[in-house]
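Trainee: Here's a sequence, model it:
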Amino acid sequence: MLAARASPSYCFSMKYTSLIIKVVFSLLLSIPALAAPIPGTTSSEVVKPQLGIYRSPLGFEISSQQTDWLPTNVPDASKFIETLYRSPNKVYDTRGTLTVRVDKLKNQVSLKQYMSRWSKEYPRFGYNVQRNKPFKLGKNLGYVVDLVNQEKKRQIRQVVYKKNDTAVILTCRDHVLNFKESLKACNRIIRSFAWNK
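Mentor: Presented below is the predicted three-dimensional model:
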């Protein structure tokens with residue numbers, strides 16, 4: 001008995017069905033590559049650097065989503081800086097920046113004691129303290145310090161949060177003539193700070 005031969009249109013259909021199955025299968029296999037080993041970490045597609053979200057393994061997060069400031073790579077030499085944001089605009093030959101630095105404390109001290117120690121150091125770097133006071137933002141207790149270096153024409157706002165043995169120092173800096181403008185974006189980023197542990 002002779003076997004029935006498949007029609008040319010049936011062979012054509014089977015060939016393309018097989019190709020479509022291969023393409024779909026390869027797409028399904030590539031999806032896990034987009035996921036992070038731990039969901040919500042910085043390697044996750046959910047937390048893309050271009051979204052401006054930074055989640056620290058030390059238990060806090062911060063975001064520049066409400067601004068046009070961009071996350072920037074931290075210089076290798078800055079081992080205490082966790083993350084860095086920059087203004088897209090250069091004014092007076094400087095660009096506004098906000099650094100997030102972490103200080104792991106060896107001794108248990110209050111936020112007030114910690115700030116008292118640092119307040120004595122500012123004049124050594126040429127900065128005059130304009131304001132230095134505690135504040136509360138939601139559940140976060142913090143300290144704000146406003147500083148100016150007239151000689152270098154630089155102005156700084158530092159906000160410090162502390163939890164257990166971790167102090168997080170957010171430093172906004174720019175040229176004195178553009179600082180008021182930069183401070184708007186800095187304050188939005190600073191207000192996004194939250195402990196997540």
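Trainee: from here on, contacts and neighbour counts on C-alpha atoms
Mentor: Fine.
Trainee: wait, isn't residue 129 in contact with residue 144?
Mentor: No. In this structure, residue 129 is not within contact of residue 144 by C-alpha atoms under 8 Å, at 10.7 Å.
Trainee: how about the strands in the chain?
Mentor: Ranges of strands within the chain are 53-55, 60-63, 70-72, 81-91, 94-104, 128-137, 140-149, 154-163, 166-175, 194-195, based on DSSP state E.
Trainee: got a markdown table for those, with mean neighbour count, mean pLDDT and distance to residue 121 too?
Mentor: Output for the strands of the chain, formatted as a markdown table (neighbours: other C-alpha atoms under 10 Å; pLDDT from 0 to 100; distance: least, C-alpha to C-alpha, whole Å):
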| stretch | mean neighbour count | mean pLDDT | distance to residue 121 |
| --- | --- | --- | --- |
| strand 53-55 | 21 | 89 | 29 |
| strand 60-63 | 18 | 91 | 26 |
| strand 70-72 | 20 | 88 | 28 |
| strand 81-91 | 18 | 91 | 19 |
| strand 94-104 | 19 | 93 | 16 |
| strand 128-137 | 13 | 90 | 10 |
| strand 140-149 | 18 | 92 | 12 |
| strand 154-163 | 21 | 94 | 13 |
| strand 166-175 | 22 | 95 | 15 |
| strand 194-195 | 17 | 90 | 27 |
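Trainee: Relative to residue 185, which of these is closest?
Mentor: Minimum separation from residue 185 across those (C-alpha to C-alpha) falls at strand 81-91, 8.4 Å.
Trainee: for the closest one, the distance to its chain's centre please.
Mentor: In this view, strand 81-91 has its centroid 10 Å away from the chain centroid, taken as C-alpha atoms, centre = their mean, to the nearest Å.
Trainee: Next: stretch 152-166.
Mentor: 15 Å.
Trainee: Could I get the CA-only coordinates of it as CSV?
Mentor: Taking Å, rounded to 0.1, in the frame of the first residue of the first chain, the C-alpha atoms of stretch 152-166 are listed here in CSV:
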residue,chain,number,x,y,z
LYS,A,152,35.0,78.8,47.3
LYS,A,153,31.5,80.1,46.5
ARG,A,154,30.0,76.8,47.5
GLN,A,155,26.8,76.1,49.5
ILE,A,156,25.8,72.8,51.2
ARG,A,157,22.8,71.3,52.9
GLN,A,158,23.4,68.1,54.8
VAL,A,159,20.7,66.0,56.2
VAL,A,160,21.6,63.2,58.5
TYR,A,161,19.4,60.2,59.4
LYS,A,162,20.5,57.6,62.0
LYS,A,163,19.2,54.2,62.9
ASN,A,164,21.1,51.9,65.3
ASP,A,165,24.7,51.9,64.2
THR,A,166,24.1,53.4,60.7
